[in-house]
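Undergrad: Sequence and predicted structure are below.
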Amino acid sequence: MQIRKKYRGEAEVFTEALNDILFILLMFFLIVSTLANPNVIKLSQPKSAGDTKAKQNVVVSIDSLRNYYVGTTLVSLDSLKSALIPAITKEKTEIPTIVINADKSVDINAVVGVMRIAKELGAKTVLSVEKQP
């Protein structure tokens, strides 16, 4: 008695919908990443030809009305130092960096005031500017 084996077809993976799903996920993450911008304070920065990059540990923003922001939290100039201390100590870098985003209409004394506070706290400061076209 001879037993015949049944013919089994090759296994296939149905991947027609996979391209559509991956494309939709890609579009979703691209849209969400553009909406999740931590610098939501609108400033018109001065222009510069240089391009210096700094790791943004702490961001201090000064708008045209001389309102001071640590990250996105509005603080007064008097409480700026006390607001910067927890933000600096939470970072685990050797020398913390404070990035200053100042509107171009703000006088330099406001920027220098933030730089003095940063120096007292032992932090390095970087002034953020827009790249000149």
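TA: Okay, I see it. Residues are numbered from 1 along each chain as shown.

Undergrad: what are the ranges of the helices in this protein?
TA: 16-35, 80-90, 108-120 (DSSP state H).

Undergrad: Leu65 is nearest to which of the ones you listed?
TA: Nearest of the helices of the chain to Leu65, taken as C-beta to C-beta: helix 108-120 at 10.9 Å. For the C-beta atoms, the positions are set from N, CA and C on the backbone; glycine is no exception.

Undergrad: what's the closest of the helices of the chain to Asn67?
TA: Nearest of those (C-beta to C-beta): helix 108-120, 10.3 Å.

Undergrad: In the protein, where is pLDDT below threshold?
TA: Residue ranges of the chain with pLDDT under 70: 1-2, 36-56, 91-93, 130-133.

Undergrad: and if we set it to 80?
TA: 1-15, 33-57, 90-95, 128-133 (pLDDT under 80).

Undergrad: where does Ala110 sit relative to Arg4, distance-wise?
TA: In this view, Ala110 and Arg4 are 90 Å apart by C-beta to C-beta, to the nearest Å.

Undergrad: From the neighbour counts alone, determine which of the two ranks first.
TA: Neighbour count, other C-beta atoms under 10 Å: between Ala110 and Arg4, Ala110 has more, with 16 against 5.

Undergrad: how about that one, what does it touch?
TA: Ala110 is in contact with 62, 66, 102, counting by C-beta atoms under 8 Å, 6 or more residues apart in numbering.
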